[in-house]
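In: fold the stuff below for me.
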Amino acid sequence: MKIISILFLLIGSVFGEIINTWENIDYAKVVDLSKSFVKERHIIKAINTGSEPASTYYFAIPKNVSESIAFSFASTIDASKNEVPMDSHIDEIEDGVYSVIQLPFPIAPKSKVSFAVSLVITNQLEPFPRKQALGDIQNLVLTTNVAPYSAYPTKSYKIRFQGPSSAKEVKTIGATDSFGWELKSLEGGFSYDVKEESFAPYTESPVSLVYERNLPLPYVKDLRRDLWLSPRLNTLQVEEHYDYSNKAAELISGFSRADWMNKRMSTKSSPAITAIHFPLYKGVEIKDIYFTDLVGNVSTSLVMENNLIVKPRFPIFGNWNYNFTVGWTHKLSDFLREDAEDKDEYLLEVPLIGGSTDVVYEKVELSFYLPEGAEFISVQSPLANTDYSISEVYSYLDIFGSHTKVTLQFENLVVDLRNVKVGLKYRYTLAAYLRKPIYIGLSILVALLSYLGITKIDLSLSK
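Out: I've put the predicted structure just below:
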């Protein structure tokens, strides 16, 4: 009973801190709709209204959004508009979800602090309508809270959308009127003309906005990314297996190749995926590129302007799927570093995903295949709560053992994470490096000596 009472006291103290500590004196929300996922940037200037210094800000997140957040990021903003990253994590407190932000230093009572919170949110955009004819212009609908959803009261507020030049409100389930605010076009987007001068905590005003975006909504249901390390050949072999899909508008009737060609759809902007671009890393050598699917080798791939471009056998429309594999080879030395203190320890740093230009990943499995005889030490992931497993895999000419396979599991990623690095530390001694070639050399020598010995045996019959 005492434990339960203490727990309630702790929850009550945290909830009291959420309510009584801050007031937002200036709040600006910017929503980026230029991609197949939504980016939100919240720029806040807050004042400590409490009686004691405060170093924690609870940034409230609507529950229907919290489950679809790919990643979040918080940073302070100084007088020169420079941004410095801050520690933050998403947590569920009472009945709400919050990004718990640790400010770099306690803010005294009546003092102010400026900071920004960035969210990348998936599964928020849908075609409107769901089905359309070949050649029709696609519209998307976004249902979002246009009011400042905050744990604290807000005085001044404005909201802006980037990407489309205009939008219109539509009635959908759960949507409401935006306080009667007027939509107005701006350069590079549109905004609401906010009339209210203050907002209470947790103000909600979900609005459905329809805007034109005649492009695909690429979606990878499953990506298996395999990396084979070969120090002897100085190669890093990359192979990516895609279960690729498109969440754009579906065809209202069956696909006609004749209509597709007659309307020259391959040369126009459309919701169908006709090519997949993989940006290549500058200054990193790439060779032995291949592209296959379930049928076999696909010859429609090329490298152009630092991009690997692959073209599927058919256009991928809404709710269509395409399974394919791409692979290539890098120099291992471009990604590998030797430990300064222990020459037998190495750190491999590679991008989390290879990534095409605009895509959402539901599940990602990143696997490292260490050289035969190498010992796994640790893995370094930039994402919290990364699960990984270790197994053994046999390959060609594995004599003294198998390859250690280290597999990392991720969910709900976006292409913006393609430059985020994952580190793998392992131990590989000179003895392990030389063991296989020495054994193979000795085996060949024994075989030759045995052959020579056999040829010297006289098996002829003499009288």
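In: straight-line length of stretch 287-307, end to end?
Out: Criterion C-alpha to C-alpha, to the nearest Å; first-to-last residue distance in stretch 287-307 is 13 Å.
In: give the rounded mean pLDDT of that stretch.
Out: Mean pLDDT, stretch 287-307: 86.
In: which positions in it come out as buried?
Out: By neighbour count with 16 or more other C-beta atoms under 10 Å, stretch 287-307 contains the buried residues 289, 291-293, 298, 301. (C-beta placed from N, C-alpha, C; glycine too.)
In: give me the contacts around that stretch.
Out: For stretch 287-307, the external contacting residues (C-beta atoms under 8 Å, 6 or more residues apart in numbering) are 277-280, 282, 286, 308-313, 322-329.
In: return the set of buried residues in stretch 101-116.
Out: Across stretch 101-116, burial judged by 16+ other C-beta under 10 Å covers 101, 103, 107, 113-116.
In: average pLDDT across it?
Out: In this model, stretch 101-116 has an average pLDDT of 93.
In: when you give positions from now on, start the count at 27
Out: In the new numbering, first residue 27, that becomes stretch 127-142.
In: got the end-to-end distance for that stretch?
Out: 10 Å.
In: tell me the gap between it and the middle of its chain.
Out: Relative to its chain's centre, stretch 127-142 lies at 30 Å (C-alpha atoms, centre = their mean, to the nearest Å).
In: can you list the weak-confidence ranges in the stretch 177-326 of the chain?
Out: Applying pLDDT under 70 to the stretch 177-326 of the chain flags the ranges 198-204.
In: at 80 what do you get?
Out: Scanning the stretch 177-326 of the chain for pLDDT under 80 picks out the ranges 197-206, 291-293, 307-309.
In: among the buried residues of stretch 127-142, name the ones in strands.
Out: 127, 129, 133, 139-142 (DSSP state E).
In: for the residue nearest to residue 125 when sequence neighbours are not counted, which three-state class applies?
Out: Leaving aside its sequence neighbours, residue 125 sits nearest to residue 85 (C-beta to C-beta, 6 or more residues apart in numbering; 4.1 Å). Following DSSP: H, G, I helix; E, B strand; the rest coil, residue 85 is assigned to strand.
In: next up, the contacts around residue 85.
Out: Taking C-beta under 8 Å, 6+ apart, we find residue 85 in contact with 68, 100, 114, 124-127, 143, 176-177.
In: ok, these vs residue 241, which is closest?
Out: Distances from residue 241 to the contacts of residue 85, taken as C-beta to C-beta, are shortest for residue 68 (26.1 Å).
In: quick one: the closest one and residue 54 touch, right?
Out: Yes: contact criterion C-beta atoms under 8 Å: residue 68 and residue 54 qualify, at 7.5 Å.
In: which of these two has more residues huddled nearby?
Out: Neighbour tally, residue 68 and residue 54, criterion other C-beta atoms under 10 Å: the higher count belongs to residue 68, 22 against 16.
In: thinking again about what came up before, so which pair among the buried residues of stretch 313-333 is furthest apart in space?
Out: The span of the buried residues of stretch 313-333, defined through C-beta to C-beta, is set by 315 and 319 at 14.9 Å.
In: mind listing the strands for the stretch 27-176 of the chain?
Out: In the stretch 27-176 of the chain, the strands defined using DSSP state E, counting those that start in this stretch lie at 48-58, 64-74, 80-87, 95-103, 109-119, 122-133, 138-147, 151-153, 157-158, 165-171.
In: nearest to residue 365, of those?
Out: Using C-beta to C-beta, the strands of the stretch 27-176 of the chain put strand 109-119 closest to residue 365, at 26.9 Å.
In: the closest one versus strand 95-103: what angle between them?
Out: Put simply, strand 109-119 runs at 130 degrees to strand 95-103, going by axes from the mean of the first three to the mean of the last three C-alpha atoms, to 10 degrees.
In: who does strand 109-119 touch, helix- and strand-wise?
Out: Contact partners of strand 109-119 among helices and strands, from 3 or more C-beta pairs under 8 Å, 6 or more residues apart in numbering; DSSP states H and E: helix 28-46, strand 80-87, strand 95-103, strand 122-133, strand 138-147.
In: what about the shortest one, average pLDDT?
Out: Mean pLDDT, strand 80-87: 94.
In: ok, it: who's next to it in the sheet?
Out: The pairing partners recorded for strand 80-87 under DSSP bridges are strand 122-133 (antiparallel).
In: contact partners of the partner strand?
Out: With contact meaning C-beta under 8 Å, 6+ apart, strand 122-133 is reached by 44, 74, 79-89, 92, 98, 100, 102, 110, 112-118, 139, 141, 143, 177.
In: next, the angle strand 64-74 makes with it.
Out: Going by the same axes, to 10 degrees, strand 122-133 makes 50 degrees with strand 64-74.
In: not counting sequence-adjacent ones, nearest residue to residue 409?
Out: Once flanking residues are discounted, residue 409 sits nearest to residue 436: 6.6 Å by C-beta to C-beta, 6+ apart.
In: just give me the neighbour total for that neighbour.
Out: Residues lying near residue 436 (other C-beta under 10 Å) number 23.
In: try residue 246
Out: Under the neighbour criterion other C-beta under 10 Å, residue 246 is assigned a count of 21.
In: that one bridge partners, please.
Out: Using DSSP bridges, the bridge partners assigned to residue 246 are residue 270, residue 387.
In: verify the stated contact: it with residue 266.
Out: No: at 9.8 Å, residue 246 does not count as touching residue 266 under the criterion of C-beta under 8 Å.
In: name the nearest of the contacts of residue 85 relative to residue 291.
Out: Of all those, residue 68 has the smallest distance to residue 291: 39.4 Å, by C-beta to C-beta.
In: quick one: the closest one from residue 85, how far?
Out: From residue 68 across to residue 85, the span is 7 Å (C-beta to C-beta, to the nearest Å).
In: now residue 458: phi and psi?
Out: Here is the backbone geometry of residue 458 (degrees, to the nearest 10): phi -70, psi -30.
In: check contacts around it.
Out: 397-400.
In: ok, 7 Å please
Out: Each residue near residue 458 by C-beta atoms under 7 Å, 6 or more residues apart in numbering is listed here: 399-400.
In: let me know the pLDDT of it.
Out: Residue 458 is assigned 73 on the pLDDT scale.
In: partners of residue 194 in the sheet?
Out: Applying DSSP bridges, one finds that residue 194 bridges with residue 236.
In: my guess is it contacts residue 236. True?
Out: Yes: here residue 194 reaches residue 236: they are 5.6 Å apart, a contact under C-beta atoms under 7 Å.
In: so for the two, which sits in the more crowded spot?
Out: Ranked by neighbour count (other C-beta under 10 Å), residue 194 and residue 236 place residue 236 first, with 16 against 11.
In: burial of residue 240, as a residue count?
Out: Residue 240 - counted by other C-beta under 10 Å - has 15 other residues nearby.
In: in this structure it contacts residue 297, no?
Out: Yes: the pair residue 240 and residue 297 qualifies as a contact (C-beta under 7 Å) at a distance of 6.5 Å.
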